[in-house]
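Here is the input, now give the coordinates:
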Amino acid sequence: MTSPVIQPNQESQPTQGYDITGVEESLRPNDPEKRIMSPLSFGLAFTGDGVSLGNMAIGTGLVVAGTAIMNFLQTMVSLLIATTIIGAAFLMNDGFGYRNGVPYVIHLRMAFGMKGAILSSILRGVPAIVWYGFQSWIGATGLSEIIRIATGGKINSIPISFVILVIIQIVLSLKGFHTIKWLNSLIAIVLMSSFVYAAVVVLKDHSAVIHSTWVEAKGTWGLPFWSFTMAFLGNYAALFLSASDYSRELKVGVSAPKRFFMYFTPVTVTYFTVMSLGVMLAAATGLANPVQAFAKIVNNDYITFIVSVFVVLGAVAVNLIANIVPAAYIIQLFTKVKYKVSVVIAGLLAMVSFPWKLIQPGSSDGLRIFILTYSAFLAPITAILVVDYILLRKKKVDIHELYNPNGQFSGLNMAAVIAMVIGAASAFTVVDLGWPIGLVVGGISYYLLNKYGFKQSVFKKGTIFEK
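Below you'll find the predicted structure:
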């Protein structure tokens, strides 16, 4: 049976006429005729995001003391489980933005209210800023190599390169998705080709140690297996939470199954390629920083220069779609500034996020712990948004009312806040499995709190529990 193609706004209630002309343009509903992303450019944008040094660093983190925690088969199974859930999570949470053209920070108001959206926005904004800083810091190691080679070794400073790279990204992100559409598509094609080549180069000279370290490793199907599965998954937790930020730019007429594969396919292919390269680099060198590991392997300035260019492009591609735009929208929510000003603020915050603390020369445990920690908070928020929109409201919402400072969604929905706290608390009972625990507990708690509690809450209007 063919799934129907859902056009934006077809399941929304008629608006009540609240005037949104005073709202910053980038936060208003995005009209269908203004959407710029075709299915191809949308998929390539997520390919560009997937060619992430963060993904590669997770791969390097699989190798500890010269032995992989999981063998090749276990790694692939873990990865496939994670990317299937990632695709499904994107699909469940992207419908509101796709149908109505509304960004994540406005989407939050439906379940949390305008006041409650402040806290939940911060929980999305902080990881975005830190990831922005982390990707830029890793990218800066590549830019530093470029400058070192170009100046004959006279200039070699990662901190200076870090500042330069953030400034470059600020300039590139001023146009939002108009830049993402063409730049990420180009970078996706170039980087995937270069990383495949890099994998071939590494395998050619280091196949024996990679085989013994990773392929023949005993590995485990126990808790470490599920811990890394959650790390793979958690790396995208912030993205599919704010899925509305991306789906609101997708042109109309794309069915749900097609949207699933537009997420699943690029994420799976790029994750497999980039993460596998990270494992191989760590097995061959013992270094957790993929840029330094590759430089050690090739020991050739010309190749290092080219690879470093690709590293910088990868950092920019990921930050543009995954970190800068969501962070800018959240900053706008708090400060009421224009989009371009919020982009500059996001860049300045990224500079002081201490991203170098997440990964050390011999270990990327800091990055994995960071991912598991913040995903424990984001999982219940994802569940609350999905339960509210699909189960409680049956996909019927007065969109303009979300912008009304004196309307139904102007206050604080305690049911959502309490469910979020319960979900996050439960996630920390088993941190390695925090995301699924927080998702299930948070979603169930929100449903039950709406059914049995807060009888007079205005947030029940338009839900199946309205009296």
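
All the helices of the stretch 151-300 of the chain, residue numbers only.
Remark: helices assigned in the stretch 151-300 of the chain by DSSP state H, counting those that start in this stretch are 158-172, 177-210, 223-234, 237-241, 244-247, 256-285, 290-298.

Can you say which of these is nearest to residue 386?
Among the helices of the stretch 151-300 of the chain, the nearest to residue 386 by Cβ to Cβ is helix 237-241 (10.2 Å). In this view, the C-beta of every residue, glycine as well, is placed from N, C-alpha and C.

Could I get the helices of the stretch 151-300 of the chain in TSV, plus columns for mean pLDDT, mean neighbour count and distance to residue 313?
Formatted as TSV, those follow (pLDDT from 0 to 100; neighbours: other Cβ atoms under 10 Å; distance: least, Cβ to Cβ, whole Å):
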stretch	mean pLDDT	mean neighbour count	distance to residue 313
helix 158-172	92	18	11
helix 177-210	80	17	5
helix 223-234	86	22	23
helix 237-241	86	26	19
helix 244-247	92	28	20
helix 256-285	90	22	13
helix 290-298	73	22	13
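
Compare those helices and give me the one nearest residue 97.
helix 244-247 (2.6 Å).

which strands and helices sit next to that closest one?
Helix 244-247 is packed against helix 72-100, helix 104-150, helix 325-335, with contacts defined by 3 or more Cβ pairs under 8 Å, 6 or more residues apart in numbering; DSSP states H and E.

what's in contact with it?
37, 42, 45, 93-98, 102-104, 106-107, 239, 259, 321, 325-326, 329 (Cβ atoms under 8 Å, 6 or more residues apart in numbering).

redo that, cut-off 7 Å
94, 96-98, 102-104, 107, 325-326, 329 (Cβ atoms under 7 Å, 6 or more residues apart in numbering).

next one: stretch 444-455
383-384, 387, 391-392, 414-416, 418-419, 422-423, 460, 463, 465.

Residue 409: which of the helices of the stretch 151-300 of the chain is closest?
Closest approach to residue 409 among the helices of the stretch 151-300 of the chain is made by helix 244-247 (15.3 Å; Cβ to Cβ).

thinking again about what came up before, want to throw the helices of the stretch 151-300 of the chain into CSV with distance to residue 428?
Shown next, in CSV, are the helices of the stretch 151-300 of the chain (distance: least, Cβ to Cβ, whole Å):
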stretch, distance to residue 428
helix 158-172, 32
helix 177-210, 34
helix 223-234, 13
helix 237-241, 15
helix 244-247, 27
helix 256-285, 26
helix 290-298, 30
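
closest one to residue 400 among those?
helix 244-247 (16.2 Å).

give me the number of residues near the closest residue to residue 163 other than its chain neighbours?
In this structure, residue 163 finds its nearest non-sequential neighbour in residue 351, 6.6 Å apart by Cβ to Cβ, 6 or more residues apart in numbering. Residues within reach of residue 351, counting by other Cβ atoms under 10 Å, total 18.

So for residue 351, what's the pLDDT?
Looking at residue 351, its pLDDT is 90.

if I pick it, what's in contact with it?
133, 163, 166.

so which of those residues comes closest to residue 294?
residue 133 (21.7 Å).

can you redo the helices and strands packed on helix 244-247 as CSV with mean pLDDT?
CSV is the format used below for these (pLDDT from 0 to 100):
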stretch, mean pLDDT
helix 72-100, 94
helix 104-150, 89
helix 325-335, 87
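
Tell me which of the ones you listed sits nearest to residue 252.
Nearest of the helices and strands packed on helix 244-247 (Cβ to Cβ): helix 72-100, 8.4 Å.

Which neighbouring elements make contact with the closest one?
In terms of contacts (3 or more Cβ pairs under 7 Å, 6 or more residues apart in numbering; DSSP states H and E), helix 72-100 is packed against helix 223-234, helix 237-241, helix 244-247, helix 256-285, helix 365-386.

let's see it at 8 Å
helix 104-150, helix 223-234, helix 237-241, helix 244-247, helix 256-285, helix 365-386.

would you list the ones you listed in a markdown table and tack on distance to residue 25?
Formatted as a markdown table, those follow (distance: least, Cβ to Cβ, whole Å):
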| stretch | distance to residue 25 |
| --- | --- |
| helix 104-150 | 13 |
| helix 223-234 | 33 |
| helix 237-241 | 23 |
| helix 244-247 | 15 |
| helix 256-285 | 26 |
| helix 365-386 | 24 |
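
right, and the ones you listed - which one's nearest residue 432?
Per Cβ to Cβ, nearest to residue 432 of these: helix 223-234, 3.7 Å.

How about the contacts made by the nearest residue to residue 26 once chain neighbours are set aside?
Of all residues not flanking residue 26 in the chain, residue 339 sits nearest, at 4.4 Å (Cβ to Cβ, 6+ apart). By Cβ under 8 Å, 6+ apart, the residues touching residue 339 are 24-26, 176, 328, 332.

can you rerun that using 10 Å?
24-27, 173-176, 325, 328-329, 331-332 (Cβ atoms under 10 Å, 6 or more residues apart in numbering).

and these, which are buried?
26-27, 173, 176, 325, 328-329, 331-332 (16 or more other Cβ atoms under 10 Å).

farthest-separated two in the residues you listed?
27 and 173 (16.4 Å).

ok, back up a step: which among the contacts of stretch 444-455 count as buried?
By 16+ other Cβ under 10 Å, the contacts of stretch 444-455 give 383-384, 387, 392, 414-416, 418-419, 422-423, 460, 463, 465 as buried.

ok, those residues vs residue 289, which is closest?
The closest of those, once distances to residue 289 are taken by Cβ to Cβ, is residue 423, at 34.0 Å.

Surely that closest one touches residue 375?
No. Between residue 423 and residue 375 there is no contact under Cβ atoms under 10 Å: 11.5 Å.

Show me the common contact partners of those two, please.
Common neighbours of residue 423 and residue 375 (Cβ under 10 Å, 6+ apart) are 382, 434, 438-439.
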